[in-house]
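Q: Quick check, what structure comes out for this input:
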Amino acid sequence: MTPGAGAFVLVAEDDAKQAELVRRYLQREDHAVLVVSDGRAAIDQIRSRRPDLLILDVMMPELDGLDVLRVVRRDYDIPILMVTARSAADDKLAGFDLGADDYLTKPYDPRELMARVRSLLRRAQASGGSVVLPLRVGPLSLDQVRHEVRLDGRRVECTPAEFRLLETLMSSPGRVFSRRQLLDQAHGADSFVTDRTADAHVKNLRRKIEANPRKPVLLQTVYGVGYRITDGHQASDA
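A: Next up, the predicted model:
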């Protein structure tokens, strides 16, 4: 999202009339809008398109809004505005505890919704700082804003953990990272995962980015130490 440009807003709302009303108000302010009607579809769209803002209804089929919030907050820091017909304080507290940025109770004035949307987008833009340029190493590029990895321009599908591991390696090309350093970035320092988890992530990534995963030239092993990413011209131990 650039200054003066509309945002990409994902609306997860199973009430068709309510969703259409929200869509119209958002489009009046030049936002691109995608509406989904269940929780699983919301998660799928966030993973594939990474919206600038999520408007999330609590009561939805497949997965309810709180379950969606729990899943999304593990991997993404996008602003999330919860909306619900339930006004109980416990519901609001649960939403905030799980990482919601704001909460609006139905029925609401659409103008209040838009005021909150503007506030959340301003805060997100202000905290974003300067433009983040994609990381590039040889034929690989990693866009931290769009959450995309590309190999020679072709998109590479990565899990969130694989993305974070690759992001760590590409932030310092040629540097050797230990398995534990990579796992801390991919899963968090308090996670209970073994070094074999790092090896599994590397194996999966090599299938996706190497011409010959058995003879890797980009994601290389440094025996007894860990892994590094190179442009393909540096000698490998593997």
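
Q: Which residue is the nearest non-sequential neighbour of R50?
A: Of all residues not flanking R50 in the chain, H147 sits nearest, at 4.7 Å (C-beta to C-beta, 6 or more residues apart in numbering). Any C-beta I mention is one placed from the backbone N, CA and C, and that applies to glycine too.

Q: So for the longest helix along the chain, what gets flagged as buried?
A: Longest helix in the chain, counting residues (DSSP state H): helix 110-128. Neighbour-count burial for helix 110-128 flags L113, M114, R116, V117, L120, L121, A124 (criterion: 16 or more other C-beta atoms under 10 Å).

Q: returning to what we had before: ok, the residue nearest to R50 - contacts?
A: Listed by C-beta atoms under 8 Å, 6 or more residues apart in numbering, the contact set of H147 reads R50, Y76, F163.

Q: Domain parsing of the protein, as residue ranges.
A: Under the assignment automatic domain parsing, the domains of the chain span 8-128, 135-229.

Q: starting at the chain centroid, how far to the longest helix of the chain?
A: From the chain centre to the centre of helix 110-128 is a distance of 19 Å (C-alpha atoms, centre = their mean, to the nearest Å).

Q: and the most centrally placed residue in the chain, what is it in contact with?
A: The residue lying closest to the centre of the chain (C-alpha atoms, centre = their mean) is Y76, at 4.0 Å. Y76 is in contact with I46, R50, H147, counting by C-beta under 8 Å, 6+ apart.

Q: JSON lines for the buried residues of helix 110-128, including pLDDT and distance to L10?
A: Formatted as JSON lines, the buried residues of helix 110-128 follow (pLDDT from 0 to 100; distance: C-beta to C-beta, whole Å):
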{"residue": "L113", "pLDDT": "91", "distance to L10": "14"}
{"residue": "M114", "pLDDT": "92", "distance to L10": "16"}
{"residue": "R116", "pLDDT": "88", "distance to L10": "15"}
{"residue": "V117", "pLDDT": "91", "distance to L10": "12"}
{"residue": "L120", "pLDDT": "86", "distance to L10": "13"}
{"residue": "L121", "pLDDT": "86", "distance to L10": "13"}
{"residue": "A124", "pLDDT": "76", "distance to L10": "14"}
